[in-house]
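[1] Provided below are the primary sequence and the corresponding predicted coordinates.
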Amino acid sequence: MSQESWLRRRLHKLTADESELDAQQLQRQVEVVGAEKVSNCRERDSVCIAGTIRSVTLKSLAGAPSLEAEIYDGSGSVVAVFLGRRRIPGIEAGRSIVLHGRLTQQDHRNTIFNPRYELICEGAKSA
């Protein structure tokens, strides 16, 4: 690694705003777990997405409860909708998660209904 590239990265860290640095860190996490960027995913694709849970909301669809979690990966967001659930242990704002499912558009938002998911331990190292 050259001194110039090191200096350029350090300067970028000092001058970039915090949200840009957070997005870059999330993109590195996406690469580590082998997920796809939300911005590269298309409707009806079977996808694997990784990111941070920004918010968790309890809603009612047709009189039945549903838990909605917004996941941000640095390039875009996806809403994971867990039908028939009021609460899922570990699904809380600030946690890192990997989702697997079929991407749809619901109310002009990227959505995955009843995705398979894995919570990511913050201290875990990838092999």
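    Here it is on my side, so go on. What you see is a predicted model; the values in this text were computed from it and never measured.

[2] bridged to the residue positioned nearest the centre of the chain, which residues?
    For the chain, residue 51 is the residue whose C-alpha lies nearest the centre (Cα atoms, centre = their mean; 2.5 Å). Note on residue 51: beta-bridge partners by DSSP bridges are residue 97.

[3] surely it and residue 70 touch.
    No: Residue 51 is beyond contact range of residue 70, at 9.2 Å (criterion: Cβ atoms under 8 Å). Every residue, glycine included, has its C-beta placed from N, CA and C.

[4] now do the shared contacts for these two.
    Counting by Cβ atoms under 8 Å, 6 or more residues apart in numbering, the contacts common to residue 51 and residue 70 are 77-78.

[5] residues in contact with stretch 40-55?
    Against stretch 40-55 from outside (Cβ under 8 Å, 6+ apart): 26, 29-30, 33-36, 38, 69-75, 77-78, 91-105, 110, 112, 120.

[6] could you look up the SS state of residue 39?
    Following DSSP: H, G, I helix; E, B strand; the rest coil, residue 39 is assigned to helix.

[7] against residue 117, how distant is it?
    20 Å (Cβ to Cβ, to the nearest Å).

[8] of those two, who's got more company?
    Neighbour totals were compared for residue 39 and residue 117, and residue 117 leads with 20 against 11 (other Cβ atoms under 10 Å).

[9] which SS class is the more buried one?
    Applying three-state DSSP: residue 117 is strand.

[10] repeat that for residue 29.
    helix.

[11] chain neighbours aside, what residue packs nearest to it?
    Nearest non-adjacent residue to residue 29, counting by Cβ to Cβ, 6 or more residues apart in numbering: residue 50, 6.0 Å away.

[12] count of residues packed around that neighbour?
    Residue 50 has 25 neighbouring residues, counting by other Cβ under 10 Å.

[13] then the one 3 residues further on?
    Taking other Cβ under 10 Å as the neighbour definition, residue 53 ends up with a count of 19.

[14] all good on my end, thank you.
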